[in-house]
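Enquirer: next come a sequence and a model predicted from it.
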Amino acid sequence: MLHYIKPYRHYAVLTIVFMVSEVLIDLYQPRLMEAIVNEGVLGLHHGGVPDLSLVMQTGLWMALIVAVGGVCGVMGGICVNFCAQNFGNDIRKDCFRRILQLSMEQIDAFRTGSLITRITSDTTQVQTMVSAALRGVVRSLTFLIAGTAALLTLDIHFSLIAALAVPVILIEVVIVVHKSNPLFLLVQQKIDALNGVMQEDIQGARVIKGYGQEARENERFSVANDNLAAAQLRVLLLIACLLPLVNIVMNTALVAVIYIGSFDVQSAMIGPGTVMAALTYVVLILNGILMFAMILQIFARGLTSKRRLEEVLETEPAIRDGEDGETDGAVSRGRPAAIALHHVSFRYPGQQEDVLTDISLTVARGETLAIVGATGSGKSTLLALLPRFYDATAGEVFVDGRDVRKYALHALRGKMAIVLQKTELFSMTIGENIAWGMDAASDEEIRRAAKIAQAADFIERQPEGYGTEVTEGGTSLSGGQRQRIALARALIRKPEILLLDDSTSALDLRTESAFYAALDGYTRELRREGHDLTKIIVAQRIATARHADRIAVLDGSRLLACGTHEELLERSSIYREICASQFRTGASGKEKANG
């Protein structure tokens with residue numbers, strides 16, 4: 001990840017310069033204090049006569065360099081924060097960009113909660129590590145090296161005390177850091193688990209309340225939270241052992257300095273000011289070591305987070321652009337799309353059975369194909385293979401006569417628009433949600449798409465019309481309203497291929513019928529302009545499917561039949577059963593209503 005620092009290396013260098021300058025100024029002050037005490041107050045070299053002018057001059061000089069040191073500290077802080085924040089910002093952007101490039105299979109493998117933790121908490125940990133490296137490491141090492149050199153100028157005995165104390169502290173630090181390393185990884189994993197529970201429960205709050213399962217979910221959260229607290233406690237207890245041990249060594253060293261210094265003062269080898277300076281240097285050196293110990297803990301956690309981020313950044317997308325694919329993303333209006341599946345099978349990772357088995361199917365340009373079948377028969381999965389959300393495990397999928405694996409992804413998906421049964425809306429206005437499907441959509445285009453999707457009436461009744469803000473997840477709208485906005489978002493793209501995955505399931509029959517009538521009118525209008533719109537509709541209702549040009553019947557992962565409504569009634573027993581069951585349900589409902 002060092003290449004992320006490169007654009008900000010000038011700030012990194014300035015940080016080091018400012019930090020070294022600040023520490024050197026801090027280390028110069030004890031010598032000035034030594035002069036004030038020995039010469040200005042005690043007058044050791046002037047027959048015991050104090051030199052108040054020296055006190056005044058040295059004091060002013062100290063005030064000046066303290067001010068300079070303060071400026072260096074502030075400038076160092078500005079530079080390190082600019083560097084670290086931009087470093088983290090770039091990592092977060094690249095990490096998010098890579099997540100969007102991953103296949104659905106890879107995203108599922110990482111888990112949503114873990115990805116959120118990595119892009120937020122882990123990035124922050126790495127930022128903190130960079131900041132500590134540029135500021136803390138420089139300060140602590142400068143205190144150690146320059147402080148030891150300053151001690152040597154005072155008395156060799158004082159340097160020996162520091163030389164004995166430093167290794168002892170370093171050994172303590174290394175032991176603690178070595179034992180805490182795996183614990184930091186455990187903590188991040190527990191954060192992943194906690195975030196996963198929170199995300200599920202917040203998104204499923206209505207279901208939890210509807211089933212009265214608040215106590216159950218509170219217990220599940222408590223377990224995840226307790227596991228995180230236990231992991232964090234293990235780390236904190238280990239770190240808590242370090243400070244008292246370091247304090248023992250530090251205080252022992254200070255006592256040794258005072259003890260040896262008292263003999264040297266009595267023998268007139270040095271003055272009291274020199275002992276004061278030695279005490280200050282020993283404290284600064286050992287505090288530098290303690291600072292270094294804290295930084296190593298930050299590094300232990302930061303390196304764990306760095307590895308977790310690298311797992312994402314270095315994961316190559318399983319679904320990539322084709323080698324000879326279109327790269328401009330343009331929709332080929334002069335060459336309308338056709339779809340063909342040749343002996344296609346698909347199995348989800350980790351599963352034992354195929355979801356789709358040996359599917360062969362062709363959809364002509366401009367044709368409308370409906371797909372019906374029992375739950376779990378593979379209808380939605382078949383649709384997901386067309387824009388390459390997943391790749392077939394066997395067989396080939398063709399769009400416009402070319403294998404989908406040879407397309408550039410944005411060119412392939414630029415031909416299509418898909419509306420899923422589970423509608424996703426964004427926290428923006430209704431108009432912006434519709435326009436999200438197309439760059440630079442005009443107000444007229446937004447309103448036209450909404451009209452076809454049967455959304456215009458309810459949108460215009462909203463307080464701000466198309467400018468009405470949509471709450472997170474679209475919870476301020478009904479399921480049918482969300483579906484109609486999603487349909488408008490797809491239509492405004494003017495795709496060659498429209499994929500509807502049971503995307504009118506929340507609409508009443510009258511609104512659904514009106515939508516498909518408007519969609520047919522829009523399709524005829526496009527045909528007059530020389531463009532064909534190919535539609536594949538996953539449907540649960542026979543009333544929705546029967547008006548398609550053809551209907552494909554899936555059952556048990558296989559394609560059992562394909563034909564018009566009338567043809568399937570004659571030759572497909574499964575289709576007749578579906579029709580009969582829906583007819584009985586409808587008739588029963590009418591009887592209850594009439595009764």
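Expert: Nice, I can see it.

Enquirer: which SSE is residue 232 in?
Expert: Assessed by DSSP states H and E, residue 232 sits inside helix 214-240.

Enquirer: mind listing what's buried in that helix?
Expert: 217, 224, 228, 231-232, 235, 238-239 (16 or more other CB atoms under 10 Å). For the C-beta atoms, the positions are set from N, CA and C on the backbone; glycine is no exception.

Enquirer: could you list the low-confidence segments of the stretch 101-250 of the chain?
Expert: Where the stretch 101-250 of the chain drops to pLDDT under 70, the residues are 203, 206, 209-211.

Enquirer: hey, where'd the helices end up in it?
Expert: 104-110, 112-117, 123-131, 138-154, 156-203, 205-210, 214-240, 242-266 (DSSP state H, counting those that start in this stretch).

Enquirer: give me whichever of the ones you listed is most buried.
Expert: Of all these, helix 123-131 has the most neighbours on average by mean count of other CB atoms under 10 Å, namely a mean of 22.

Enquirer: that helix to helix 156-203, inter-axis angle?
Expert: Counting by axes from the mean of the first three to the mean of the last three CA atoms, to 10 degrees, helix 123-131 points 160 degrees away from the direction of helix 156-203.

Enquirer: of all the helices of the stretch 101-250 of the chain, which one is nearest residue 316?
Expert: Across the helices of the stretch 101-250 of the chain, residue 316 has its closest neighbour in helix 104-110 (9.3 Å, CB to CB).

Enquirer: now stretch 356-371: mean pLDDT?
Expert: For stretch 356-371, mean pLDDT is 93.

Enquirer: oops, could you answer that again for stretch 315-323 instead?
Expert: Per-residue pLDDT values over stretch 315-323 give a mean of 83.

Enquirer: what does that stretch rub up against?
Expert: Applying CB atoms under 8 Å, 6 or more residues apart in numbering, the contact partners of stretch 315-323 are 98, 101-103, 105-106, 327, 388, 390-391, 403-409.

Enquirer: what's downstream of the strand or helix carrying residue 297, the next helix or strand?
Expert: Here residue 297, judged by DSSP H and E, is contained in helix 272-313. Once helix 272-313 ends, the next helix or strand along the chain (criterion: DSSP H and E) is strand 339-346.

Enquirer: now do that next one: distance to the chain's middle.
Expert: 34 Å (CA atoms, centre = their mean, to the nearest Å).

Enquirer: list the contacts of that strand.
Expert: Under CB under 8 Å, 6+ apart, the answer for strand 339-346 is 354-363, 378, 381-382, 385-386, 390, 392-399, 401, 497, 534, 536.

Enquirer: which ones among those map onto helices?
Expert: Mapping the contacts of strand 339-346 onto helices (DSSP state H) picks out 381-382, 385.

Enquirer: ok, back up a step: can you redo the helices of the stretch 101-250 of the chain as CSV with distance to residue 434?
Expert: Below are the helices of the stretch 101-250 of the chain laid out as CSV (distance: least, CB to CB, whole Å):
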stretch, distance to residue 434
helix 104-110, 25
helix 112-117, 26
helix 123-131, 33
helix 138-154, 53
helix 156-203, 23
helix 205-210, 25
helix 214-240, 35
helix 242-266, 58
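
Enquirer: do you know how far residue 505 is from residue 540?
Expert: 6 Å (CB to CB, to the nearest Å).

Enquirer: next: residue 35.
Expert: Distance, residue 35 to residue 540, using CB to CB: 91 Å.

Enquirer: cool, residue 444 as well?
Expert: Residue 444 is 34 Å from residue 540, by CB to CB.

Enquirer: and for the closest residue to residue 467 other than its chain neighbours, the neighbour number?
Expert: Nearest non-adjacent residue to residue 467, counting by CB to CB, 6 or more residues apart in numbering: residue 429, 5.1 Å away. Using other CB atoms under 10 Å, residue 429 is surrounded by 17 other residues.

Enquirer: surely residue 429 and residue 470 touch.
Expert: Yes - the pair residue 429 and residue 470 passes the contact test of CB atoms under 8 Å, sitting 6.8 Å apart.

Enquirer: in space, what's closest to residue 406 - neighbours in sequence excluded?
Expert: Closest to residue 406 by CB to CB, 6+ apart is residue 322, at 3.5 Å.

Enquirer: and for that neighbour, the neighbour number?
Expert: Going by other CB under 10 Å, the residues that sit close to residue 322 add up to 18.

Enquirer: ditto for residue 506
Expert: 17.

Enquirer: doesn't it belong to a helix?
Expert: No - using DSSP: H, G, I helix; E, B strand; the rest coil, the assignment for residue 506 is coil, not a helix.

Enquirer: ok, of the buried residues of helix 214-240, which one's closest to residue 158?
Expert: Each of the buried residues of helix 214-240 was scored against residue 158 by CB to CB, and residue 239 proved nearest at 29.9 Å.

Enquirer: contacting residues for residue 281?
Expert: Contacts of residue 281 by CB under 8 Å, 6+ apart are 27, 30, 147, 150-151, 154, 158, 162.

Enquirer: and it, how far from residue 161?
Expert: 10 Å.

Enquirer: quick check: neighbours shared by these two?
Expert: By CB under 8 Å, 6+ apart, no residue touches both residue 281 and residue 161.

Enquirer: so residue 76 sits against residue 13, correct?
Expert: No - look at residue 76 against residue 13 with CB under 8 Å: they stay out of range, at 11.3 Å.

Enquirer: settle it for me: which of these two has more neighbours?
Expert: A count of neighbours by other CB under 10 Å puts residue 76 above the other of residue 76 and residue 13, at 24 against 13.

Enquirer: ok, for the more buried one, nearest residue in space, not its chain neighbours?
Expert: residue 18 (3.4 Å).

Enquirer: can you check residue 221 too?
Expert: residue 197 (5.4 Å).

Enquirer: now for the spatially most central residue of the chain: which residues touch it?
Expert: Of all residues in the chain, the one closest to the mean position by CA atoms, centre = their mean is residue 119, 3.1 Å from it. By CB under 8 Å, 6+ apart, the residues touching residue 119 are 92, 95-96, 99, 312.

Enquirer: cool, and residue 362?
Expert: Per CB under 8 Å, 6+ apart, neighbours of residue 362: 338-341.

Enquirer: what's the answer for residue 374, then?
Expert: Residue 374 neighbours (CB under 8 Å, 6+ apart): 554-555.

Enquirer: quick check: it vs residue 502, distance?
Expert: 13 Å.

Enquirer: and the helices in the stretch 401-550 of the chain?
Expert: 409-414, 430-435, 443-452, 456-460, 479-491, 509-528, 542-545.

Enquirer: could you single out the most deeply buried of those helices?
Expert: By mean count of other CB under 10 Å, these have helix 479-491 as the most buried, with a mean of 25.

Enquirer: who wins for neighbours among the contacts of residue 119?
Expert: Counting neighbours by other CB under 10 Å, residue 312 leads these with 21 neighbours.

Enquirer: which stretch of helix or strand covers the residue nearest to residue 76?
Expert: Here residue 18 is assigned to helix 9-35, by DSSP H and E.

Enquirer: distance check, the nearest residue to residue 342 once chain neighbours are set aside against residue 341.
Expert: Spatial nearest neighbour of residue 342, chain neighbours left out: residue 396 (4.6 Å); criterion: CB to CB, 6+ apart. Residue 396 sits 8 Å away from residue 341, going by CB to CB.

Enquirer: which residue of these two possesses the greater neighbour count?
Expert: Between residue 396 and residue 341, counted using other CB under 10 Å, residue 341 has the larger neighbour count: 21 against 14.
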